[in-house]
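Participant: sequence and predicted structure below; questions after.
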Amino acid sequence: MFCYQCQEAAKGEGCTIKGVCGKEDSTANLQDLLVYVTKGVSLVTEIAKKNSVAIDKADKFVFEALFVTITNANFDDNKITNKIIEGIQVRDALKKELEDKGVAIPSLPANATWVAESDEAIKAKSEIVGILTEQNEDIRSLKELLTYGLKGMAAYAEHAFNLGYIDEKVFAFMHKALVATTRTDITVDELVGLTLECGEYGVNVMALLDKANTESYGNPEITKVNIGVRNNPAILISGHDLKDMEELLKQTDGTGVDVYTHSEMLPAHYYPAFKKYEHFVGNYGNAWWKQKEEFESFNGAILFTTNCIVPPKDSYKDRVYTTGASGFDGCTHIADRKDGQPKDFSVIIEHAKKLPAPTEIETGEIVGGFAHNQVLQLADKVVDAVKTGAIKKFLVMAGCDGRMKGREYYTDFADQLPQDTVILTAGCAKYRYNKLPLGDIGGIPRVLDAGQCNDSYSLAVVALKLKEVFELNDINELPIAYNIAWYEQKAVIVLLALLHLGVKNIHLGPTLPAFLSPNVVNVLVENFGIAGIGTVEEDLKLHLA
Ligand code: FS2
Ligand code: SF4
């Protein structure tokens, strides 16, 4: 195996024996093969599209498959193998339709012709299609940067799709970009161009998901979320998928089973449509990487709707369920929706009924719900505070959390910011500082949480609005600094989206991606002012200058 797609890549270079995330060598290889086959699906899809063959199954396959390969989403070799076989079937069905129409299919790369003859053949192939097959370090770096952006895009496209929202142009870009990564003659300049274009479609897919979420469940509003517990059996729901959230709340209503959110599902509390459920109690615990302790003390059943899974301990593994793109060998998987019917969560609900209530680990409330609609309602207040000097600077500290010790930097940075600064956040990065007593500025909390990582889109909408109000020519003239934390590939698409919107001088930590070669880092530094992080003291000076 060789994997360097996330921030925790071993030695800052890549995992080669087993993932720091817990991914086994066989799983990593199968994920490489799934990406390889997915590129083959896109190669044939491009031809099918030109010849008016329906490609909706291929669109769906591509975003599902890429999502499965995101860091710590799916550790189930059987599920990944089935997806590889499904990809070949989708691809070959398109070929058959083309042949039936009399279309001559040109000679294609092996991605589009390889067939899985046996389990042994799948294993053998999975060992020779990894990232390192691309010899040129810069081309490899750019191909992977693009692929990781697409993985993030795929995750957001899938959540939107689950709510009935699609953007065919996003799918078309995914196919085009995947095909480009199969080319052996592609240049650095072409890949840089595609990477920037990826950011454009990143904005589009986040806007689509924002529309899907807000039209389905209302605009997030300022909300106090309980972090204590009640004395009922319960289900803890993690991940990002709001359709799963809705269906679980409906199916648990009146059963005596409470529902709590974990990590990135916290922002579900901000949506009006979910507030009506009396049994939707609060948020339990912190960011994803603390799940070993927190799932132990939660006592109830746990549902993963997406990443981030930490391989579960035996002591609670039987209480863990997965659905959608997520999977873990030995955990029960809740099947996909069929024929427009909701998923059936009865098995986890019945299990939860037999389990003890959660053990309290903290009490109190956290405040969030500052997505674009809510912030724009407060715009006058915010603009006044900037004009009077009550707010001197906004710090965008969105992104991911992770277990690396160096991430204490973000707690210290937030804690030491002066009283006339406001943190704008989204994603699970917030758990590094959202329980600190940072206070407010004239009623505006000093940490404004827009929601999940995809709600970084909201932060961009707010920035663009402020640019308009202050009649500025450039988004970079605003008193906003970007100190972003990353972990997995959704942060990659968020970063590319911000670059597309013209944001410069983003600081990215706790370490720069292992998949960026020195030359690619130079391109990002020279054109966008991207930089890593320094010490808290240095960075406070830098960002507040
Ligand atoms: Fe956090 Fe994990 Fe949201 Fe990432 S819960 S690192 O998936 O996408 O952010
Ligand atoms: Fe390593 Fe991250 Fe890849 Fe897991 S996803 S194998 S931790 S680089």
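Facilitator: Structure received. Ligands and ions are numbered 1, 2, ... in the order given.

Participant: centre of the chain to stretch 126-139, how far?
Facilitator: In terms of CA atoms, centre = their mean, to the nearest Å, the centre of stretch 126-139 is set 24 Å apart from its chain centre.

Participant: show me where the stretch 301-450 of the chain has helices.
Facilitator: In the stretch 301-450 of the chain, the helices defined using DSSP state H, counting those that start in this stretch lie at 314-317, 346-353, 372-377, 379-388, 408-416.

Participant: which elements pack onto the longest one?
Facilitator: Using 3 or more CB pairs under 8 Å, 6 or more residues apart in numbering; DSSP states H and E as the contact criterion, the secondary-structure elements in contact with helix 379-388 are strand 444-445, helix 456-469. All C-beta spots, glycine's among them, are computed from the backbone N, C-alpha and C.

Participant: mean confidence for the next helix-or-strand element following the longest one?
Facilitator: Think helix 456-469. Per DSSP states H and E, helix 456-469 leads on to strand 480-485 as the next helix or strand towards the C-terminus. Averaging pLDDT along strand 480-485 gives 98.

Participant: contacts for whatever helix or strand comes next after strand 480-485, please.
Facilitator: Using DSSP H and E, the next helix or strand after strand 480-485 towards the C-terminus is helix 489-500. Identification of contacts with helix 489-500 by CB atoms under 8 Å, 6 or more residues apart in numbering yields 5-6, 70-71, 145, 148-153, 155-156, 195-196, 198-200, 202-203, 205-206, 398-400, 427, 453-454, 456-457, 460, 482, 484-486, 506, 508, 513, 528.

Participant: quick revisit: make a markdown table out of the helices of the stretch 301-450 of the chain and add mean neighbour count.
Facilitator: Shown next, in a markdown table, are the helices of the stretch 301-450 of the chain (neighbours: other CB atoms under 10 Å):
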| stretch | mean neighbour count |
| --- | --- |
| helix 314-317 | 12 |
| helix 346-353 | 18 |
| helix 372-377 | 18 |
| helix 379-388 | 15 |
| helix 408-416 | 18 |
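
Participant: and of those helices, who's closest to residue 94?
Facilitator: helix 346-353 (35.3 Å; CB to CB).

Participant: re the thing from before, please name whichever of the helices and strands packed on helix 379-388 is nearest to ligand 2.
Facilitator: Closest to ligand 2 of these is helix 456-469 (CB to the nearest ligand atom; 20.9 Å).

Participant: chain center to that closest one, what's the gap?
Facilitator: Mean C-alpha position of helix 456-469 versus that of the full chain (CA atoms, centre = their mean) differs by 21 Å.

Participant: still on that earlier bit, could I have the buried ones of the contacts of helix 489-500 as PyMOL selection syntax?
Facilitator: Buried residues within those, by 16 or more other CB atoms under 10 Å, are selected in PyMOL with:
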select buried, resi 5+6+70+71+145+148+149+150+151+152+153+155+156+195+198+199+202+203+205+206+398+399+400+427+453+454+456+457+460+482+484+485+486+506+508+513+528
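
Participant: intersect the contacts of helix 489-500 with the contacts of ligand 1.
Facilitator: Contacts with ligand 1 within the contacts of helix 489-500, as defined by CB under 6 Å from any ligand atom: 400, 427, 453.

Participant: for these, which one is nearest residue 297?
Facilitator: Of all these, residue 297 sits closest to residue 400, with 23.4 Å by CB to CB.

Participant: picking that back up, export the helices and strands packed on helix 379-388 as CSV, with columns for distance to residue 358 and mean pLDDT.
Facilitator: Rendered in CSV, the data for those read as follows (distance: least, CB to CB, whole Å; pLDDT from 0 to 100):
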stretch, distance to residue 358, mean pLDDT
strand 444-445, 27, 96
helix 456-469, 30, 95
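
Participant: most packed of those?
Facilitator: When the helices and strands packed on helix 379-388 are scored by mean count of other CB atoms under 10 Å, the highest mean neighbour count falls to helix 456-469 (a mean of 21).

Participant: quick check: angle from that helix to strand 480-485?
Facilitator: On the basis of axes from the mean of the first three to the mean of the last three CA atoms, to 10 degrees, helix 456-469 is oriented at 170 degrees to strand 480-485.

Participant: so which elements touch helix 456-469?
Facilitator: In terms of contacts (3+ CB pairs under 8 Å, 6+ apart), helix 456-469 is packed against helix 188-217, helix 372-377, helix 379-388, helix 489-500.

Participant: can you tell me if the last one touches ligand 1.
Facilitator: Yes: remark: helix 489-500 sits within contact range of ligand 1 at residue 490, by CB under 6 Å from any ligand atom.

Participant: that helix close to ligand 2?
Facilitator: No: Helix 489-500 lies apart from ligand 2 when judged by CB under 6 Å from any ligand atom; the minimum separation is 8.9 Å.

Participant: after that helix, which helix or strand is next?
Facilitator: strand 507-509.

Participant: chain center to that next one: distance?
Facilitator: With CA atoms, centre = their mean as the basis, strand 507-509 stands 17 Å off its chain's centre.

Participant: packing partners for the next helix or strand after it?
Facilitator: Once the chain leaves strand 507-509, the next helix or strand it forms, by DSSP H and E, is helix 518-528. Applying 3+ CB pairs under 8 Å, 6+ apart, one finds that helix 518-528 contacts helix 137-162.

Participant: give the buried residues for stretch 266-278.
Facilitator: Counting neighbours by 16+ other CB under 10 Å, one finds that the buried residues in stretch 266-278 are 266, 267, 268, 269, 270, 271, 274, 277.

Participant: identify the spatial nearest neighbour of the second one, chain neighbours not counted.
Facilitator: Counting by CB to CB, 6 or more residues apart in numbering, residue 451 is the residue found nearest to residue 267 once chain neighbours are left out, at 3.7 Å.

Participant: same deal with the last one?
Facilitator: In space, and not counting its chain neighbours, residue 277 is closest to residue 249: 4.8 Å by CB to CB, 6+ apart.

Participant: now do the same contact list for that neighbour.
Facilitator: Applying CB under 8 Å, 6+ apart, the residues near residue 249 are 259, 274, 277, 279, 280.

Participant: quick revisit: looking at the buried residues of stretch 266-278, which are in helices?
Facilitator: Counting by DSSP state H, these place residue 274 in helices.

Participant: save the buried residues of stretch 266-278 as CSV, and put in distance to residue 177 and pLDDT too.
Facilitator: Formatted as CSV, these follow (distance: CB to CB, whole Å; pLDDT from 0 to 100):
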residue, distance to residue 177, pLDDT
266, 32, 98
267, 29, 98
268, 31, 98
269, 35, 98
270, 33, 98
271, 32, 98
274, 35, 98
277, 40, 98
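
Participant: from the buried residues of stretch 266-278, which are also near ligand 2?
Facilitator: Of the buried residues of stretch 266-278, not one also sits near ligand 2 (CB under 6 Å from any ligand atom).

Participant: and of the buried residues of stretch 266-278, the nearest to ligand 2?
Facilitator: residue 266 (23.3 Å).

Participant: how much space between that closest one and ligand 1?
Facilitator: Distance, residue 266 to ligand 1, by CB to the nearest ligand atom, to the nearest Å: 10 Å.

Participant: related to what we said a few turns ago, put together CSV for the helices and strands packed on helix 379-388, with distance to residue 91 on each row.
Facilitator: What follows is the helices and strands packed on helix 379-388, written out as CSV (distance: least, CB to CB, whole Å):
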stretch, distance to residue 91
strand 444-445, 50
helix 456-469, 32
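
Participant: ok, now which ones touch the closest residue to residue 485 other than its chain neighbours?
Facilitator: Distances taken as CB to CB, 6+ apart put residue 399 closest to residue 485, at 4.0 Å, once the chain neighbours are dropped. Residues in contact with residue 399 (CB under 8 Å, 6+ apart) are 426, 427, 429, 453, 456, 484, 485, 486, 487, 491, 494.
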